[in-house]
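1. build me a structure from this.
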Amino acid sequence: MTVKQPRLKVGAGKAIVEIPQLLFPIEGFTSIHDDLHVRALLLSNGQKNYAMIVVEITSLGNEFTHEVKRLVEAETGVDYTEIFVCASHTFQAPHLRPSHLELSAEENEKNNRFKQALVNAVKSAVNQAHGSMQWAKLGFGVGQCNVNINRDVLTDQGWWKGTNCHGPSDKTVAVMRFDTLAGQPIALFVNYPVQSGILLDSVQSAGEKLISADLGGYTARYLEQQYDDEIVALWNVGAAGDQDPLFIAKRHILNRHGQYGRIDVHEGGFVLVELLGERLGQEALRVAESITRFKANVVFKNVHKLVICPGQEIFPNVHEMQPCKEYDFKASTPLEVPVHIMVLGDVALIGVRPELVSMTALEIKQASPYKNTVIMTMVNGSAKYLPDVGSYENITYAAMNSMGARGAAELLRDTIIELLDEIVFA
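-> Model prediction:
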C-alpha cells in the first residue's frame with residue numbers, strides 16, 4: 001500500500017500594533033487598556049497557497065485591504081486572490097480613514113501614523129508566519145456557547161437594538177486546529193457570530209475612552225495563554241448582523257411601556273469582556289482539545305464570484321438613526337458583493353464583506369454540501385449590513401443601515417449555495 005506523504009504546511013504569527021503615545025488623544029481615545037494585534041495564518045498544500053490576516057480594528061476599508069493584500073503577496077508569494085483580510089470588529093479602536101477623506105493636518109498626521117503602525121504589525125506577523133512554515137495537519141470541530149443574543153426588539157416606536165431572548169441566534173463555535181505532525185498545536189482559528197462590541201460607546205467614569213481589542217481579542221489571548229503563548233489564535237466574526245454580546249457595557253434597556261434608554265457601567269465593561277471572553281475561550285478550548293480526527297493531506301479548492309445585488313440608500317447619519325414604524329427604503333445603485341470561498345479538505349470557509357444576520361447564515365449552512373461550513377463576514381473590506389427580508393419588514397437598525405435592498409441577502413445566499421454545489425464536484 002502506498003503511504004501518502006504529508007502535503008499541508010502551516011505557519012502562524014502575531015504582532016502588537018504599536019500605537020505611539022503622541023497619537024493620543026485620537027478619536028476620543030486617551031490611552032490603551034489592552035493592545036491591538038495583527039495575526040497571520042499561512043497555508044500551503046504544495047499546489048495552492050492561502051493566507052488569512054486578522055486585524056484588530058473596527059472595519060477595514062477597501063483601500064487599506066488592497067494595500068495589505070499586496071504586502072502579503074510581496075512578502076509570501078501567496079496570490080492576491082487567495083488572501084483573506086479580516087477585521088475583528090472591535091469598536092474600541094480608532095478608525096483608519098481613507099486617503100480621499102478631507103482631514104485636518106493634525107488628523108491626517110495621526111491617521112498616517114496609525115496606518116503605519118498597522119502596516120508594521122501586518123508585516124511582522126506575516127513574516128513570522130512565513131518563516132515558521134512547517135508540515136502540519138488540520139482538524140475541525142464545533143461547539144455551542146451562549147455569549148451572543150439577538151438584538152432586535154420591538155419598542156413603542158418600532159424595532160430597535162436590545163436583547164431578544166426569543167429571536168434567532170446561532171450559538172455555534174467553529175474551530176480549526178492546526179498541529180505539527182507530532183501533535184503540537186501551531187494555530188487555532190475560531191469563528192463565532194457575535195459583534196465584538198461589549199465596550200461600544202462606553203466610557204470610563206471620568207469620561208476617558210480606552211483602546212481595547214474587546215471580546216474577540218480577549219478570546220484570542222485567552223486561548224494563546226492556555227497554550228503558553230506557543231500558538232496563534234485567530235478570531236473571526238461570523239454572521240453577527242443581528243447578534244450582540246449577551247452583556248454590553250452601555251446597554252440598551254426597555255421598560256414595560258416599550259420605551260428604551262441606555263445605561264453605562266463604565267469600568268465594569270472590562271469585567272464583562274473578561275467574563276464573556278473567558279466563556280467563549282473555554283468553549284473554543286474544549287472544542288480544540290476534543291478534536292481527534294486530523295488530516296495531513298488536505299485538498300484545497302477555491303472560487304471567487306462578484307454578486308450584483310439590488311442596492312438602496314443607506315441612512316445618512318447613523319448617529320441620528322432612531323426606531324420608527326414607517327421608513328422609505330429608497331433604491332440606489334446596485335451593490336457589488338464579492339464572495340470568496342476557500343475549501344480546506346472538508347471545511348468550507350465562505351468570506352463576504354457585509355455583516356449577514358443569523359438566519360441567512362443558518363440557511364446557507366443547512367443547504368451546504370459541506371458538513372463543515374463556516375460563514376466569515378467583514379472579509380476583504382467592509383460593506384455594512386446585509387439583513388434578511390424580515391429585517392426590512394420590521395424596519396430594524398440593520399435594514400436602515402444597509403446598502404443592500406430587500407432581497408439582496410437572499411440573492412447572495414442562493415448564489416453561495418450554488419457555488420458550494422459547483423465546487424464540491426469540481
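
2. tell me how many other residues crowd the residue lying closest to G139 once chain neighbours are set aside.
-> Distances taken as C-beta to C-beta, 6 or more residues apart in numbering put I291 closest to G139, at 3.8 Å, once the chain neighbours are dropped. Backbone N, C-alpha and C define where each C-beta goes, glycine included. Using other C-beta atoms under 10 Å, I291 has 15 other residues around it.

3. tell me which residue lies nearest the centroid of the protein.
-> V237 (2.9 Å; C-alpha atoms, centre = their mean).

4. who are the contact partners of it?
-> 86-89, 191-196, 216, 355, 376-378 (C-beta atoms under 8 Å, 6 or more residues apart in numbering).

5. ok, back up a step: I'd assumed R177 was in contact with the residue nearest to G139.
-> Yes - under the contact definition of C-beta atoms under 8 Å, I291 touches R177, with a separation of 5.2 Å.

6. ok, now how distant is N150 from K161?
-> 10 Å (C-beta to C-beta, to the nearest Å).

7. could you pull out the helices for the stretch 251-400 of the chain?
-> 268-290, 358-367, 389-394, 397-400 (DSSP state H, counting those that start in this stretch).

8. so what does the third one touch, helix or strand wise?
-> Under the contact criterion of 3 or more C-beta pairs under 8 Å, 6 or more residues apart in numbering; DSSP states H and E, the helices and strands touching helix 389-394 comprise strand 148-155, helix 397-400.

9. 6 Å instead?
-> helix 397-400 (3 or more C-beta pairs under 6 Å, 6 or more residues apart in numbering; DSSP states H and E).

10. and the helix it packs on, which residues are buried?
-> For helix 397-400, a neighbour-count test (16 or more other C-beta atoms under 10 Å) marks Y397, A398, A399, M400 as buried.

11. name the nearest of these relative to A51.
-> Taking C-beta to C-beta as the measure, A51 lies nearest A398 of the buried residues of helix 397-400, at 29.9 Å.

12. still on that earlier bit, filter the contacts of V237 down to just the ones in helices.
-> With helices taken from DSSP state H, the overlap with the contacts of V237 comprises G216.

13. so who does D152 touch?
-> By C-beta atoms under 6 Å, 6 or more residues apart in numbering, the contact set of D152 is W159, N164, G167, D242, T396.

14. gap between it and E67?
-> Going from D152 to E67 by C-beta to C-beta gives 35 Å.

15. got it, and N401?
-> Separation of N401 from E67 (C-beta to C-beta) stands at 26 Å.

16. now I53
-> 12 Å.

17. cool, and Y80?
-> 11 Å.

18. repeat for L154
-> Distance from L154 to E67, by C-beta to C-beta: 43 Å.

19. same question, W160
-> Taking C-beta to C-beta, one finds W160 at 37 Å from E67.

20. higher neighbour count, those two?
-> For the pair W160 and E67, the greater number of neighbours falls to W160 (22 against 17), based on other C-beta under 10 Å.

21. got the phi/psi numbers for the closest residue to that one other than its chain neighbours?
-> The shortest distance from W160 to any non-neighbouring residue, by C-beta to C-beta, 6+ apart, is to P323 (3.8 Å). Main-chain dihedrals, P323, degrees, to the nearest 10: phi -60, psi 150.

22. biggest helix in this protein by residues?
-> helix 105-131.

23. please point out which parts of whatever helix or strand comes next after it sit buried.
-> Downstream of helix 105-131, the next assigned helix or strand under DSSP states H and E is strand 134-144. Residues of strand 134-144 classed as buried: A136, K137, L138, G139, F140, G141, G143 (neighbour count, 16+ other C-beta under 10 Å).

24. distance check, the third one against K371.
-> In this case it means L138. 15 Å.

25. likewise for the fourth one?
-> Relative to K371, G139 is positioned 14 Å away (criterion: C-beta to C-beta).

26. run a quick neighbour tally on Q226.
-> Q226: 18 neighbours (other C-beta under 10 Å).

27. repeat that for A361.
-> 29.

28. repeat for T333
-> When neighbours are counted by other C-beta under 10 Å, T333 comes out with 10.

29. who are the contact partners of it?
-> So T333 contacts G311 (C-beta under 6 Å, 6+ apart).

30. report how many residues lie close to the residue lying closest to E73 once chain neighbours are set aside.
-> Distance criterion C-beta to C-beta, 6+ apart; nearest residue to E73, sequence neighbours excluded, is Y80 at 5.0 Å. By the measure other C-beta under 10 Å, the count of residues near Y80 is 12.
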